[in-house]
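*Asks:* how would this look folded up:
(2 chains)
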Amino acid sequence: MINVTFPDGAVRQYEAGVSALDVAKSISEGLARKVLAASVNGQVWDATRPINEDATLKLLTWDDTDGKSTFWHSSAHLMAEAVETMFPGVKFWVGPAIDRGFYYDMDLGGKQIGEDDLKALEKKMNELAKQNNAYQRKEIAKAEAIKYFEEKGDEYKLDLLQNLNDGEITFYTQGQFTDLCRGPHIPTTGSIKAIKLMSIAGAYWKGDEKNKQLTRIYGITFPNQKELDEYLLMLEEAKKRDHRKLGKELSIYTMDDDVGQGLIMWLPNGTIIIEELEKLAKETEAEAGYKRVVTPHIAKESMYLTSGHLPYYADSMYPPMELEGEKYYLRSMNCPHHHKIFAAEPKSYRDLPYRVAEYGTVYRYEQSGELFGLMRVRCLHMNDAHIYCTKEQFAAEFKAVNDMYLKYFKIFGIDKYVMRLSLHSKEKLGVKYVNEPELWLETEALVRDVMTEAGIPFIEVQDEAAFYGPKIDVQIWSVIGREFTLATNQVDFSQGRSFKLQYTTQDNTSETPLIIHRAPLGTHERFIGFLLEHYAGKLPVWLAPLQVKILPISEKFIPYCQEVQRQLRKAGVRVEVDERNEKIGKKIREAELGKVPYMAVVGEREMAENKLGLRRQGKGDIGAQAVDEFLNMILEEIRERKSGE
RNA sequence: GCCACUUUAGCUCAGCUGGUAGAGCAACUGAUUUGUAAUCAGUAGGUCGUUGGUUCGAUUCCGACAAGUGGCUCCA
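*Replies:* Numbering: from 1, shown residues only, chains lettered A, B, ... in the order given. Model (predicted):
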């Protein structure tokens, strides 16, 4: 007999060799039907795998993250079985569970598949699921495994086997399909009741674009149809707040084939948002001791050789223009110009920290397939600044930048993000990163310490640094789940030396400053794209392109409305009168759909009492108010940059 | 850049197996002068992304190119 300890601390005795599924059955049949996998001594196991020793046991169901991912991983195998049935000779690479569903990468031997194939595969998967086949685990010797896949001619699984040893190799079989897999899996295919194959994509083998491209099929499954329907509905809802849709509906920006891919033209509404953001940045930066500068969008090749952009970043730059025997590049970053500003006049330690800020326009030649609405474009406006400081000043300056983020995030109510310490990768020194192994480690430690001391939670990721140093990136997600860096705070130990930037110390010697590159508001493009989604288009009053819409009940009240408009405009409020010959219901509806924060209905009563019949977007009628009373209220809301709800 | 898909009026979308296109909203005109999420009527608007090919005939079939979308690689 063995002792099985449950999450609540209860201990029950079972015969050795009992499976988690048996345990579940001993509790209730209903529970047994729901069990997908089990956590045995903290490891996720097949629910059917025998437990031979004392163990702590947690039964995993659809409600557990590990239960879901086991379910999805098993679904990937089910899909593979369907694929193999329909396309004999297919070779498989890997098929993991992901945040939402699963995928499987495969080599279809040059065969192209399309959406019709997905439908056929779904149908096949449903048939196979109904067979209710068991997922059977088998431990297997390496030699035998190699033999199996050699006979099958599957070089991908053979590649996987290279890194595995005897004793850690298992095969899983369900129905007619056998796969090299560490598991675990759900007990039987029958619990997969609702299946949706989402898309086909190319995926480079091992994620390297020099390798062959495999076919990847994404799918998702659920234990019942209702949850699948809900999931698909949720995706539909998310699309409604997609910044590309809102950007069009609210006339924020436009693009044009004749202008070029990834080149945003900001319409008047979008431009208002830009100007408000810049106002916020300029106020904040002035307060924090930054000086503003303005620099050109191009520079000669020589500067980008000095900066390291041409050796390390050339792929992301537009090709040069030649004139008068010189090559000029459109800039992809503002830093070199700012370094020249630093170098323009001699600096002493008394001038440091020297902080220069510019809403800098940069151009990046992003590959066409990477462009994405406002989030990934080829011309961007960065909330850029560079801080030149001594080593001693670094920690305080770096922290001050982090505080600036947090201050901004509070204003915008941004709370779903991850701070990421992006480190270099040793293998790519001299290729992607400047070749200074010691300095990398030193500055990475410096940043790590600042973050730890400030008590700001962060994660560390290899091979994500800038070419000139490590950075803290703030990661956010678009409504369709794509991850982006919203803001960034970077250390640069390299360009100061390349540009021979120096300051005179107290001892009258020369030192090279450390440089911080920072963009707490990221770029206008990505930040506004993010804000549109974050607010679902319902921007707070201070950012709203149109803040108040005055809606006359009939044309008799237009002169009064225009007078109110004059008053509000004089105070700096963005206001318009809906003078159209329409009924009030329609004017309200359109203002609501246009996401105008305040609507002022004006009829006989309001005009007689010098009032406005107010509505708040999304909330409906909030009662009548005197014009100056309303003006004071909205001015305060704007001044305080209140977030609305 | 690579894989898959999409592209019809300003917007959202119909258009079965090839016989040169339709709706709703928006726009314009007129009527109505309106009290908290769509007043009624009329008018105008499209060489069906571009370009080759197949065909008596192409929005429809095939190819190329462009842009967009979902991924991969890459990134603020």
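*Asks:* any idea how far the spatially most central residue of chain A lies from RNA strand B?
*Replies:* The centre of chain A sits closest to A:E483, judged by Cα atoms, centre = their mean, with a distance of 1.8 Å. In this view, A:E483 and RNA strand B are 6 Å apart by Cβ to the nearest atom of the strand, to the nearest Å. To be clear about C-beta, it is placed using only N, CA and C from the backbone, and glycine gets the same treatment.
*Asks:* could you do A:Y417 as well?
*Replies:* From A:Y417 to RNA strand B the distance is 12 Å (Cβ to the nearest atom of the strand).
*Asks:* so who does that residue touch?
*Replies:* A:409, A:474-476, A:486 (Cβ atoms under 8 Å, 6 or more residues apart in numbering).
*Asks:* rerun at 10 Å
*Replies:* Contacts for A:Y417 (Cβ atoms under 10 Å, 6 or more residues apart in numbering) come out as A:405, A:409, A:473-477, A:486-487, A:530.
*Asks:* just A:F171 next, same as before
*Replies:* So A:F171 contacts A:136-140, A:144-145, A:148, A:178-181, A:183 (Cβ under 10 Å, 6+ apart).
*Asks:* try 8 Å
*Replies:* A:137-138, A:140, A:145, A:148, A:178-181.
*Asks:* hmm, which two among these are most spread apart?
*Replies:* A:R137 and A:Y148 (15.3 Å; Cβ to Cβ).
*Asks:* the contacts of A:F171 in helices, which ones?
*Replies:* Residues from these lying in helices, with DSSP state H as the criterion: A:145, A:148.
*Asks:* now the contacts of A:F171 in JSON lines, with distance to A:K282?
*Replies:* As requested, the contacts of A:F171 are exported to JSON lines (distance: Cβ to Cβ, whole Å):
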{"residue": "A:R137", "distance to A:K282": "63"}
{"residue": "A:K138", "distance to A:K282": "67"}
{"residue": "A:I140", "distance to A:K282": "66"}
{"residue": "A:A145", "distance to A:K282": "64"}
{"residue": "A:Y148", "distance to A:K282": "67"}
{"residue": "A:T178", "distance to A:K282": "64"}
{"residue": "A:D179", "distance to A:K282": "59"}
{"residue": "A:L180", "distance to A:K282": "59"}
{"residue": "A:C181", "distance to A:K282": "57"}
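*Asks:* show me which of the contacts of A:F171 are buried.
*Replies:* A:137, A:140, A:145, A:148, A:178-181 (16 or more other Cβ atoms under 10 Å).
*Asks:* how about these in CSV, adding pLDDT?
*Replies:* Below are those laid out as CSV (pLDDT from 0 to 100):
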residue, pLDDT
A:R137, 93
A:I140, 91
A:A145, 92
A:Y148, 92
A:T178, 92
A:D179, 92
A:L180, 92
A:C181, 92
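*Asks:* just the ones of the residues you listed in strands?
*Replies:* A:137, A:178-180 (DSSP state E).
*Asks:* quick check, nearest of those residues to A:G101?
*Replies:* A:D179 (18.0 Å).
*Asks:* so how far is RNA strand B from that closest one?
*Replies:* 21 Å.
*Asks:* surely that residue and A:V90 touch.
*Replies:* No: the criterion here is Cβ atoms under 8 Å, and A:D179 misses it with A:V90 at 11.9 Å.
*Asks:* closest one of the buried ones among the contacts of A:F171 to A:K157?
*Replies:* A:L180 (5.0 Å).
*Asks:* any figure for the gap between the closest one and RNA strand B?
*Replies:* A:L180 is 21 Å from RNA strand B, by Cβ to the nearest atom of the strand.
*Asks:* show me the contacts for that residue.
*Replies:* A:L180 neighbours (Cβ under 8 Å, 6+ apart): A:145, A:149, A:157, A:160-161, A:169-171.
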